[in-house]
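Q: coordinates only, sequence not included:
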């Protein structure tokens, strides 16, 4: 052990002395020359004292002393770091060479900078979306639980379904795999008080959601267990954005009361600035989460809700125990679901539970697309490298005479390759600096142009991984495009080159390699061209999809009424009067109301029975998506009527119950019949079914996404089925946003 420490001490001391010699180079050179001069003069004096003539004494002393230049080099090797000195020389010479050729240097740096910059910019997206950990405590242990319903999946194409409150309670109480498990769902809140009432996006969640995620409140506290009970749940945690926007970042807001949906809520906390859970892109389409969550309130399930297995509306998140694996938890969930199926066959038949790692849930289908995009820009970088390698090959042919002279003066082939490779790395380093600047600038552009449904798009930025990636790509690029041209340029026939006749085999080698580079460029360009063509084709096909409605010049407005203040009959009257005022505004062609709005992120389902047919088997309910609309809704969005009629003002609360369906519903449930005049039931009064007659059929509308097939939809007249939340749609003569200030002023009155 002592010998090892002694050896390490000697090595470090030796290395330190050599490093110091680089800083004291001139001093060492001066001392070495003085010492050599001293020894030479001493030898000359000895020769003179022995009787030699002065000139002979000088010559004899020099012969005896030896080659001074060789002695200096040997001495330098003893006290200096020769490799570092050589590198410094190569860097100086390379910088001078590139400075003398500004045109070549500029073209090479810009070409490589654009290629590296494109890769770094896309990598910043990949890094933020795929590689960076989610901003929660130990996010690798977080999973999302979904209801797995194969038969419903076959009909709708959806793979992830919410869980009923009763099933959630059983999963929470019977599992042995999770540290904690929480449920949540979205709910809109209208905040009143002050001069600016607003509609806010909210989340109702189990009291342990924040603890499960490992998130503490920035101000105040999170929910207490007793607050997750009906009657004790009038507390709220504000998002940082709402706290700043509406309450002016007031730290004394904790404990104050605000009015949400016309009910008093006490503010108990403010969430951290970077906390936003869940984002709309984190969950599948149909959950209706707002683009920004403004507040959180306790879930507070009532006993009736906790025992309801028919309504599926909860998203469930859980944290795995330390020693529990994902597969083990999945097996346990399947076992619990099997027991529930045997215990409750009417509601849980053909229904299981499927776990998804939360990171995978957030990333979704973005992984493959981003990796393909990164590969595409990688091809662009390879093309840029081939272009610069061709430039270096052409420049190397012009420097053959220089290489020959250096070889004649004693420079080895390895030394020349190193010099040329150093020049290439200087080009790559300059291009890397340009690429880093382009990346920092390009990230803001990417955030602006990337789609909002891309997960974690607001987290895209430049961090140490992006810097490291840019540095690594720059170094590899410098070696890739510089090594082979350097080797080619170092293959010099001295006789032929110095005679300026060396255009034989060497030129042929250069020509073959440059031809190979051209072939590689064309091949890569064809791959990119084919990919771009396929992408353009997909885009054209997507844009050519008929959404079933015309969104041009349409303004939408979300309105939520306090339920305690407006009962169902009053809700219908309110929206009818509001639509009348909207239609009276200048520039409005037609106006209607709907809930939920097409392509708005909310997709619900409702079971029904068909008159004259046997009830559906358990677990195989007939299902369609409901929409509550006003009579002029179809006109406002230009949804085409195919058969029958749409609603009129005469379809009021006292009129016979009616509805309108879409083509998909008619095809699925009346494939060889005319659906007009058929009756279906949804609920019962005094154990008697309430039948609704189908009076019309309209064209299919893409309610979930443009790339998702239309599923069965049914439209109810909102006067017969009032709702406290509606979205107004107004078709205008010109730019609909110009109508927004007028609407706000008119509706406040």
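A: Sure thing, it's come through. These numbers come from a predicted model, not from an experiment. Residues are numbered from 1 along each chain as shown.
Q: and the helices in the stretch 51-200 of the chain, which stretches?
A: Along the stretch 51-200 of the chain, the stretches classed as helices by DSSP state H, counting those that start in this stretch are 54-65, 68-79, 82-99, 102-126, 150-156, 165-174.
Q: dump these into JSON lines; add mean neighbour count as well.
A: The C-beta positions use only the backbone N, C-alpha and C, and glycine is treated the same way. Below are the helices of the stretch 51-200 of the chain laid out as JSON lines (neighbours: other CB atoms under 10 Å):
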{"stretch": "helix 54-65", "mean neighbour count": "14"}
{"stretch": "helix 68-79", "mean neighbour count": "12"}
{"stretch": "helix 82-99", "mean neighbour count": "14"}
{"stretch": "helix 102-126", "mean neighbour count": "21"}
{"stretch": "helix 150-156", "mean neighbour count": "14"}
{"stretch": "helix 165-174", "mean neighbour count": "19"}
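Q: so can I have JSON lines of the ones you listed showing distance to residue 198 and mean pLDDT?
A: Formatted as JSON lines, these follow (distance: least, CB to CB, whole Å; pLDDT from 0 to 100):
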{"stretch": "helix 54-65", "distance to residue 198": "94", "mean pLDDT": "76"}
{"stretch": "helix 68-79", "distance to residue 198": "76", "mean pLDDT": "58"}
{"stretch": "helix 82-99", "distance to residue 198": "60", "mean pLDDT": "71"}
{"stretch": "helix 102-126", "distance to residue 198": "33", "mean pLDDT": "87"}
{"stretch": "helix 150-156", "distance to residue 198": "34", "mean pLDDT": "67"}
{"stretch": "helix 165-174", "distance to residue 198": "29", "mean pLDDT": "93"}
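Q: now the ones you listed as TSV including distance to residue 260?
A: TSV is the format used below for the helices of the stretch 51-200 of the chain (distance: least, CB to CB, whole Å):
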stretch	distance to residue 260
helix 54-65	97
helix 68-79	78
helix 82-99	66
helix 102-126	37
helix 150-156	33
helix 165-174	22
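Q: who wins for proximity to residue 291 among those helices?
A: Comparison of the helices of the stretch 51-200 of the chain against residue 291 by CB to CB identifies helix 102-126 as nearest, at 19.2 Å.
Q: what packs against the closest one?
A: helix 82-99, helix 366-398, helix 413-449, helix 464-490 (3 or more CB pairs under 8 Å, 6 or more residues apart in numbering; DSSP states H and E).
Q: least reliable of those helices going by mean pLDDT?
A: Across the helices and strands packed on helix 102-126, helix 82-99 has the smallest mean pLDDT, namely a mean of 71.
Q: quick check: the gap between residue 700 and residue 309.
A: Shown here: residue 700 relative to residue 309, a distance of 31 Å by CB to CB, to the nearest Å.
Q: now swap in residue 334 and tell me
A: From residue 334 to residue 309 the distance is 18 Å (CB to CB).
Q: now do residue 728
A: Taking CB to CB, one finds residue 728 at 35 Å from residue 309.
Q: per-domain residue ranges of the protein.
A: The chain breaks down into these structural domains: 2-80, 102-130+366-542, 150-350, 554-748 (assignment by automatic domain parsing).
Q: nearest residue to the middle of this structure?
A: Central residue of the chain (CA atoms, centre = their mean): residue 129, 3.6 Å from the mean position.
Q: thinking again about what came up before, between residue 700 and residue 309, which one's more packed in?
A: Using other CB atoms under 10 Å, the more surrounded residue of residue 700 and residue 309 is residue 700, with 22 against 18.
Q: just checking, the more buried one touches residue 710?
A: Yes - the pair residue 700 / residue 710 is scored as a contact, 3.7 Å apart, by CB atoms under 8 Å.
Q: what sits in contact with each of these two?
A: Residues touching both residue 700 and residue 710 (CB atoms under 8 Å, 6 or more residues apart in numbering) are 548, 662-664.
Q: now for these: which two are most distant?
A: Within the shared contacts of residue 700 and residue 710, two members stand farthest from each other by CB to CB: 548 and 664, at 10.3 Å.
Q: what sits in contact with each of the two?
A: 700, 710.
Q: picking up where we left off before, restricted to strands, list the shared contacts of residue 700 and residue 710.
A: residue 662 (DSSP state E).
Q: what residues does stretch 240-251 touch?
A: The contact list for stretch 240-251 (CB under 8 Å, 6+ apart) reads 191, 196, 198, 200, 218-219, 238, 253, 270-273, 275, 292, 294-295.
Q: can you give me the buried ones in that stretch?
A: By neighbour count on 16 or more other CB atoms under 10 Å, the buried set for stretch 240-251 is 240, 242-243, 246-247.
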